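# any chance you could fold what I've pasted below:
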Amino acid sequence: MNFRTISYLLGRLFCIVAVSMAVPAYVSYRYNEIFQLHAFYKSIAVTLIIGGLMMYINRKYKNDLIRTRDGFLLVTLTWFFMSIFGALPFYWSGFFNGFVDCFFESASGFTTTGASVLTDIEALPYGLLFWRSLTQWIGGLGIVVLAVAILPQLSVGGMQLMKNEMPGPTFEQLKPRIRQTAISLWKIYVLFSVVLLVILYSLGMPVFDSFCHVFSTLSTGGFSTQNNSIAGYSTEIQMVMSFFMFLGGCNFVLHYAWLHGDFKTLFKNEEFRFFVTFLTVVILAISVDLIFRIHVSVLEAFRLTIFQVASMASSTGFATTDFNQWPALSKGIIFLLMFVGGCAG
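Numbering: from 1, shown residues only. A predicted model of the protein is given here:
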C-alpha cells in the first residue's frame, strides 16, 4: 500500500474541507452568530493544520501512482475523515449532545444519507444550517469526483477512484480523458445548482433557504431548513424541486452527453428508459389510488404523488405531506421506492 501518497491526498482533501468551512463561517458572521463563528474558526484551524502537515510531510510522494487497492482505501478513508472534521463545527457549537451525534450528522451529510439526530431543525443557527446542507452538496456528486478534478497526480489511481464511485458500464465513457470529464461533470453539477438557485429565489423562496435547498436537492441528500421539510413552500417550488431531484437521481454521465448534443446516448440508455418508465407507472398508480381512496382532486393527487415519488426514488427524502395517512397500497409503493436510489453514477 502506498500510504505516503494516500496521506498526502487526504491532507489535500482536508484542506479543501477547511476552505469550504469558510463559507458557513461567513454566514455566521452575516447573521451576527459570534459563538458559531468561533466554532468555525477553531474547526478551520484544526482541519487546515492537520491537512497542511500531512501534505508537507508526504510532499515527496505526491506524484506517485496509486493502485487499485490504494484507491479503495483512499475512498474509504476520505468519507470517514471528512465526516470527522465535518463534525467539528457541530461539536463546538454546543447544539449537539456529544461528538457521536455530531459525527452522525456530518456523515449523513457527506454521504447524502439525510438521516438526522435533530428534532428541532429550525432552532439551529444559520451558519450550522448552511454547513449541514453544504456537506451534502460537497458529497453529492462524490467528493472523489472533486478529488480527481483538482488532483491530477492521481493518474491511473484517479480512474480507479472514479470507478469505485461510479459503478456500471457508463464508466467506460470516462476512461479516455478522465480528468477532463471529471471537471466537466463538476461544471454540470455547478450549472444545475445555479439554475435551481435562480429559479427557487425567483419563485419566492428566501435566499438563505434557496441556497440550502439547492445543496440538498441536487445532491439528493434531503436536509431542509424547516421542520416540515418542503410542505410550507408553494406548489411551483415543489414541482421545480421534483424535476431537479429527478435530475439528481439520473446518471450524470448522461447529463454530460445530452448537454453536448448527444441525445442518442440518453434515449438509448436502458437504465434511463427504465427509470423514466418505472416512475411514470408508479406516479399513475399512486395518483389513481389517492383519487379513489381518499377522494382528493386529480391535480392534488398528481401534485402530491410527483413530489413524493421523485423524492423517494432519488433517495432525497424531502416530503410535502404525511404519507403515513395514505392508503396501504400507496404507502407500500412509497416504501419500495426507497430501495431504488436513482441511477448508477
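
# do I have it right that residue 244 meets residue 191?
No - assessed by Cβ atoms under 8 Å, residue 244 is found out of contact with residue 191, at 11.8 Å. In short, each C-beta sits where N, CA and C put it, glycine included.

# how distant is stretch 130-138 from the center of its chain?
Centroid separation between stretch 130-138 and its chain, computed with Cα atoms, centre = their mean, to the nearest Å, is 8 Å.

# now do it, average pLDDT.
Averaged over stretch 130-138, pLDDT sits at 96.

# not counting sequence-adjacent ones, nearest residue to residue 112?
Closest residue in space to residue 112, ignoring its immediate chain neighbours: residue 221 at 3.9 Å, by Cβ to Cβ, 6 or more residues apart in numbering.

# that neighbour: what's it in contact with?
Applying Cβ atoms under 8 Å, 6 or more residues apart in numbering, we find residue 221 in contact with 109, 112, 113, 114, 133, 136, 137, 139, 140, 215, 316, 317.

# kindly report the same for residue 218.
Residue 218 makes contact with 137, 140, 189, 192, 193, 196, 244, 247, 248 under the criterion Cβ under 8 Å, 6+ apart.

# pLDDT at it, what is it?
90.

# helix/strand/coil for the nearest residue to it once chain neighbours are set aside?
In this structure, residue 218 finds its nearest non-sequential neighbour in residue 248, 4.7 Å apart by Cβ to Cβ, 6+ apart. Three-state assignment for residue 248 (DSSP: H, G, I helix; E, B strand; the rest coil): helix.

# quick one: low-confidence parts of the stretch 101-250 of the chain?
142-179, 181 (pLDDT under 70).

# hmm, back to that, in helices, which of the contacts of residue 221 fall?
Judged by DSSP state H, helices contain the following of these: 109, 133, 136, 137, 139, 140, 215.

# compare the residues you listed and tell me which is most surrounded.
Neighbour counts for these peak at residue 109, which has 31 neighbours (criterion: other Cβ atoms under 10 Å).

# nearest residue to that one other than its sequence neighbours?
Closest residue to residue 109 apart from its sequence neighbours, by Cβ to Cβ, 6+ apart: residue 135 at 3.0 Å.

# was I right about that neighbour contacting residue 102?
No - Residue 135 is not in contact with residue 102 according to Cβ under 8 Å; the separation is 11.7 Å.

# between the two, who's got more neighbours?
residue 135 (33 against 23).

# tell me how far the more buried one lies from residue 106.
The gap separating residue 135 from residue 106 is 6 Å, by Cβ to Cβ, to the nearest Å.

# find residues that contact each of the two.
Common neighbours of residue 135 and residue 106, using Cβ under 8 Å, 6+ apart, are residue 86.

# closest to residue 88 among the contacts of residue 221?
residue 109 (12.9 Å; Cβ to Cβ).

# how about the stretch of helix or strand residue 332 belongs to: buried residues?
Assigned by DSSP states H and E, residue 332 falls within helix 328-337. Of the residues in helix 328-337, 330, 333, 334, 337 count as buried by neighbour count, 16 or more other Cβ atoms under 10 Å.

# now do the SS call for residue 32.
In three-state terms, and counting by three-state DSSP, residue 32 is coil.

# any idea how far it is from residue 126?
In this view, residue 32 and residue 126 are 10 Å apart by Cβ to Cβ.

# higher neighbour count, these two?
Between residue 32 and residue 126, counting by other Cβ under 10 Å, residue 126 is the more crowded of the two (18 against 9).

# what about the more buried one, distance to residue 58?
The spacing between residue 126 and residue 58, counted by Cβ to Cβ, is 37 Å.

# then residue 141?
27 Å.

# one step back: now distance to residue 225 too, for the ones in helices among the contacts of residue 221, in CSV please.
What follows is those, written out as CSV (distance: Cβ to Cβ, whole Å):
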residue, distance to residue 225
109, 14
133, 8
136, 12
137, 14
139, 18
140, 17
215, 10
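
# show me what contacts residue 214?
137, 193, 196, 197, 200.

# which among the residues you listed gets closest to residue 294?
For the contacts of residue 214, the nearest to residue 294 is residue 200 (29.5 Å; Cβ to Cβ).

# setting aside sequence neighbours, what's the nearest residue to the closest one?
Closest to residue 200 by Cβ to Cβ, 6+ apart is residue 210, at 4.2 Å.

# who's in contact with that neighbour?
197, 200, 201.

# now do the contacts for the last one.
For residue 201, the residues meeting the contact criterion (Cβ under 8 Å, 6+ apart) are 207, 210.

# state the distance from it to residue 195.
Counting by Cβ to Cβ - residue 201 and residue 195 are separated by 11 Å.

# any chance of the contacts of residue 210 in TSV, plus distance to residue 265?
Converted to TSV, the contacts of residue 210 look like this (distance: Cβ to Cβ, whole Å):
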residue	distance to residue 265
197	28
200	29
201	32
